[in-house]
Each structure stands twice: as structure tokens, then as C-alpha cells.
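Novice: sequence first, then the predicted structure, then my questions.
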Amino acid sequence: MKVLVIGNGGREHALAWKLLQSPNVHQVTCVPGNGGTASLQRCQNLALNIQDFEGIARFALVNNVSLVVVGPEAPLAEGITDYLQQQGLTVFGPTQAGAQIEASKSWAKELMQTVGIPTAESAVFTELAPAVAYVRRQGAPIVVKADGLAAGKGVTVATTVEEAEAAIAAALGGQFGAAGHRVVIEECLQGREVSVLAVTDGLTIRPLLPAQDHKRIGEGDTGANTGGMGAYAPAPLVTPALMQRIQTEVLEPAIAALRQRQIDYRGILYAGLMITPSGDPKVVEFNCRFGDPETQVVLPLLETPLEELMLACAQQRLADFPALSWRPGAAVCVVVAAGGYPGDYQKGKVIQGLAEAEARGAIVFHAGTQRKPQGIVTDGGRVLGVTATGETFDGAIAAAYTAIEAIYFDNMYYRRDIGYQVKTAPTPLL
């Protein structure tokens, strides 16, 4: 079969890499892809804009593509699944109505509150004065979120009222464009965050391995929020008993609530959770797609053929699909970024040592890269995701950092403490 992957990040490189491991997948095409996908055997990049739904559909139909996998949230929110399905294509990814669960935080909050999914208390505002008054009544710490899509950067965890007021003014003042014309202000949940990505056909929902992301730019989880500076899986925090609670208290009610709204949701439902000090799961946010960099640690541990799992979701037969198979051990991904990220950064830096890093046992997933005549060059803020697996977390962490030592580009930056919460922790039995 032929598969079309939409997107150009580390997540999409990981998806293409995993799909190509199956003997059933003959060819993967990435739109537009990156320097890493361009280097995969039986994979090609197609220089189309991901907003060019007509061009994507035409290519898929002419080339007999069996499955389209949509990576990023933006085209899902803009209705790419609806358009491609109307052309008779099979798509893994929710429709525009389903993608609202990420594209509008206020819509998602209302959905959660309707069916009693545990989440933070919140209020929604479109004007500065009432929002500021609310913050002053509630006090800090408090969380300010742009309602719409802001590339993972629209959330401020404010430690002071003044910081919250500044975040509200920035969002409503246009920092995030239309995404910030409405803000959600919510209580600051305490505990540890975990990501649970689940596959669903709209009727049945099955979780993948739980992962832990590192959102902050600085070591010790300090500094600005980013799209993610690293991840590990499986997160030991999520015991089998806790996963069962997440299944019954979060995932199944969410799919039921979508069905109540006549939304046929097929793809990934990603629950960003806070596990409170008392051990209770609360939803921080829902996403409508694979996480990045969580995908880069979940897929290397998956033994079930990915295209078979995706087709079962797209064709609404997940209930009859066999139990998912996982390899034992742990996976760790360390993101290598351009200096200055998540602020201003430079592009076009030649990357050295990629082959040597992989020779040391890592999988180097490309995020912001392009293949040029002079070699692979940087083309984004998050440039690479260096992933390693091992029998233990210590082994996987050590292998990832050993591989990174072989990589160089001008002004590269990475956190040196990815996985610190599980260092020396036993790897849980699956």
C-alpha cells in the first residue's frame, strides 16, 4: 500500500519511519516533509502546501494512495479530513468538527463539563477588563490560555497576578492573532503532567503507552514554554490502575460526548493530563493529533503494524482489532533546538554528525531541517529529536546523550536533564 503523511516535523518523520517498517507499506510520501523524510528509503517529499487540499487530493487519487495520515493540528482544524473524505480517500485524523477539541479550548472545556470529565475550573473572556478583574479575584498562580491554535506557545502559567494580566493583554491584543481573541483562564493544577495518546474509531478508544513531555526550555523545567524539548515512555507514573481510571473517566466519556454531538471522530485523541498529589487524573487539554515529541518515543516501542492500526480506526473496526503489542524497555527523545528558540533563531546552519549519531544506536528524527546541496541544514526552532531505546531508562537516556555528542551545528541547544524524573527508576512491566 501507499501512504501519504501530511506535515514536516519530527512527528511526521517518526510516522513515516514507522509506517515503512511494515512489509505492507510500499511507499510513503510526505507533504511537504523535511530533510529526514527525504533521506528515508521508499519515502519521497512532495512540495505542496499543507493548505492545498485540492492538490493533495489530486496526488493521492492519481497515485492510488490507500491511507492519508494527517500530522499537524492546523489542517485538521481547517477541514482537510472532510475534504479528502469527500474525494473518496481514507483518512486517519478527525474531521473539522472533531478537531475543535484542540482548536478551541473553550469548546473543549464545555464538552468536558457537560459529561463530568475532571478538569481545572475555568472562565472564558473576550474583553480585558472582566478578565483582569477575574484574575485579581482568583489570585496567582493561575493559567492564561489563548483559546485557539498557537503552535504550543499560547499558554502562560502565571506565578503573579501581574504576569497573568500581561499575558491576557498580549493575547487579546493580538500576539496570537485570531487564536487569542478569546482567552481561557483557569486554576493552576498541581501535580505531574503526563501525555496519553489514544487511537479511536469514534466508537472504541484504546490508549497507547503513556509518555512524559518536557515543555520548558530550561533545565529543571524553567523558562518559557515550548513545543516540547524531550520526552520519555512509558511514564512510570501511570500504573495499570491509573490507566484504567483514565480510560473510564477521561477517554471513554470524551468519545461518548463527541458522539452525542453527532461528531464521528476517527484518529488520535491526545489527553494532556495532570496527575494530582492525591493520584487523580485531571485534563489540562485535549489535542486532536499525535504529540510531538511524544510520538518519537511511543512509536519506537510499538510492535503492532502502524498502518493496520490506523486503517482499523479509519474503517471503524477497532473493537475487533487485536491487543496492541509493545516491546519491553524504555524510549527517550532529546530535542536539539536552534539557539534562541522559542524566540528568534537563525536557519540554514549545516548539521554535522548525523550518520555518526545513528551509528551510536540512536534514531535521529528530523523536525526543522531541509536537504540542500551542501547537506542537511536547519530550518526551524526544534531541529532534531534524538531518540534512543534501552532495557532501562538509564540506558536509554545515556544512549540518547551519547548520540547527541556526535552532532554539531552552529548555536545548537538542548536540555541535558531530559528524563530526570525517571533516572534510576525501574522500567515498569507492560
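Specialist: Structure received. Keep in mind the model is a prediction, meaning the values are calculated, not measured.
Novice: counting by contacts, list what the helix-or-strand element of the chain with minimal mean pLDDT packs against.
Specialist: For the chain, using mean pLDDT, DSSP states H and E, the weakest element among its helices and strands is strand 222-225, scoring a mean of 89. Strand 222-225 makes packing contacts with strand 155-158, strand 216-218 when contacts are defined by 3 or more C-beta pairs under 8 Å, 6 or more residues apart in numbering; DSSP states H and E. Just so you know, the C-beta spots here come from the backbone N, C-alpha and C atoms, and that holds for glycine as well.
Novice: sheet partners, orientation included, of the next helix or strand after that strand?
Specialist: Next helix or strand after strand 222-225 toward the C-terminus (DSSP states H and E): strand 230-233. Note on strand 230-233: by DSSP bridges, its sheet partners are strand 212-213 (antiparallel), strand 330-338 (antiparallel).
Novice: quick one: average confidence on the last one?
Specialist: This points to strand 330-338. In this model, strand 330-338 has an average pLDDT of 98.
Novice: need the next SSE after that strand, C-terminal direction.
Specialist: helix 354-359.
Novice: can you list the domains in this protein?
Specialist: In terms of domains, the chain is parsed into 2-95, 121-187, 192-320, 330-413 (source: automatic domain parsing).
Novice: between the ones you listed, which one is closest to residue 421.
Specialist: Among the domains of the chain, the nearest to residue 421 by C-beta to C-beta is domain 192-320 (6.7 Å).
Novice: the helix or strand where residue 394 lies to strand 330-338, inter-axis angle?
Specialist: Taking DSSP H and E as the criterion, residue 394 maps to helix 393-404. Interaxial angle, helix 393-404 versus strand 330-338 (axes from the mean of the first three to the mean of the last three C-alpha atoms, to 10 degrees): 30 degrees.
Novice: now do helix 393-404: which elements does it pack against?
Specialist: strand 230-233, strand 330-338, helix 354-359, strand 382-390.
Novice: one more time with 7 Å, if that's ok
Specialist: strand 330-338, strand 382-390 (3 or more C-beta pairs under 7 Å, 6 or more residues apart in numbering; DSSP states H and E).
Novice: need the CA coordinates for the last one. CSV is fine.
Specialist: What it means is strand 382-390. The C-alpha coordinates for strand 382-390 follow below in CSV (Å, rounded to 0.1, in the frame of the first residue of the first chain):
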residue,chain,number,x,y,z
ARG,A,382,13.2,22.5,17.1
VAL,A,383,15.7,20.9,14.7
LEU,A,384,16.2,17.3,15.7
GLY,A,385,14.7,14.7,18.0
VAL,A,386,17.4,12.2,19.1
THR,A,387,15.7,9.1,20.3
ALA,A,388,17.2,6.0,21.9
THR,A,389,15.7,2.9,23.4
GLY,A,390,17.0,0.7,26.2
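Novice: which other helices and strands does that strand contact?
Specialist: Partner elements for strand 382-390 (3+ C-beta pairs under 7 Å, 6+ apart): helix 295-298, strand 330-338, strand 363-366, helix 393-404.
Novice: what lies in contact with the second one?
Specialist: What it means is strand 330-338. 228-233, 293, 296-297, 300-301, 345-346, 378, 381-390, 392-393, 396-397, 400-401, 404, 407, 411-414, 418-419, 427 (C-beta atoms under 7 Å, 6 or more residues apart in numbering).
Novice: how far off centre is the helix holding residue 394?
Specialist: 22 Å (C-alpha atoms, centre = their mean, to the nearest Å).
Novice: picking that back up, can you put the helices and strands packed on strand 222-225 in JSON lines and add mean pLDDT, mean neighbour count and distance to residue 94?
Specialist: As requested, the helices and strands packed on strand 222-225 are exported to JSON lines (pLDDT from 0 to 100; neighbours: other C-beta atoms under 10 Å; distance: least, C-beta to C-beta, whole Å):
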{"stretch": "strand 155-158", "mean pLDDT": "91", "mean neighbour count": "19", "distance to residue 94": "22"}
{"stretch": "strand 216-218", "mean pLDDT": "94", "mean neighbour count": "16", "distance to residue 94": "29"}
